[in-house]
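Enquirer: predicted coordinates and the sequence they were generated for:
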Amino acid sequence: MTLLSKTFTVFGSILLAHACYSAREHTALQSPRVVTAAALSSSPAAGSVSLPVDIIIETIVSTVLIITGLVLGTKPLRPLEWRVWAGKIEREGAEGFTDGSGKVDRDYVGNPFSVLESRPNFVDIRRQRREFAEWSRQKEKFLQQGQ
């Protein structure tokens, strides 16, 4: 997280804690009046207490500040398509997945297709045949030179 995002998050958290405390105090101070008003009146609306506008605004502003701080502190999103992600890995390697401090992201796993490329049914038989043919020719030359 950057300093700006941490500042937003901490300041928003302090404001939210203050708004919660203010709402609790307001409710605690108004409860004796509500009981008295409800006893005097038969209307059900007389027993309800609404929060002052400044507490509501403080709660909304603090929530927006916390969300802004958290969004500013997130890492860039990875591509959704595997081919785009694999292409980025092929072009940039591990350096493409560094965070802001230059360290490689701990979620970086390398080439996502490396498991597929190492499976036996993806072995290049033609290349192996060429390598075997070259090996057998070299072996024949070696045996002929030895005689």
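Expert: Cool, the structure landed. Residues are numbered from 1 along each chain as shown.
Enquirer: name the helices or strands packed onto the lengthiest helix in the chain?
Expert: In the chain, assigned by DSSP state H, the helix with the most residues is helix 3-40. Packing partners of helix 3-40 (3 or more C-beta pairs under 8 Å, 6 or more residues apart in numbering; DSSP states H and E): helix 53-72. Where C-beta positions appear, they are placed from N, C-alpha and C, glycine not excepted.
Enquirer: following the helix it packs on, which helix or strand shows up next?
Expert: The helix or strand immediately downstream of helix 53-72 is helix 82-92, counting by DSSP states H and E.
Enquirer: mean confidence (pLDDT) on that next one, please.
Expert: For helix 82-92, mean pLDDT is 74.
Enquirer: outline the domain layout of this protein.
Expert: Domains of the chain are assigned by automatic domain parsing as 3-72, 82-146.
Enquirer: what's the local residue count around residue 19?
Expert: 21 (other C-beta atoms under 10 Å).
Enquirer: what do you get for residue 92?
Expert: Neighbour number of residue 92 under other C-beta under 10 Å is 11.
Enquirer: what number of residues lie near residue 21?
Expert: Close neighbours of residue 21, defined as other C-beta under 10 Å, add up to 11.
Enquirer: residue contacts, it?
Expert: By C-beta atoms under 8 Å, 6 or more residues apart in numbering, no residues touch residue 21.
Enquirer: how far away is it from residue 60?
Expert: 16 Å (C-beta to C-beta, to the nearest Å).
Enquirer: can you list the buried residues in stretch 82-94?
Expert: The neighbour-count check on stretch 82-94 (16 or more other C-beta atoms under 10 Å) flags 85, 89 as buried.
Enquirer: show the subsequent helix or strand relative to the helix or strand of the chain with the lowest mean pLDDT.
Expert: Ranked by mean pLDDT, DSSP states H and E, the weakest helix or strand in the chain is helix 114-117, scoring a mean of 62. Per DSSP H and E, the first helix or strand lying C-terminal to helix 114-117 is helix 125-146.
Enquirer: average pLDDT across that next one?
Expert: Here the average pLDDT along helix 125-146 is 86.
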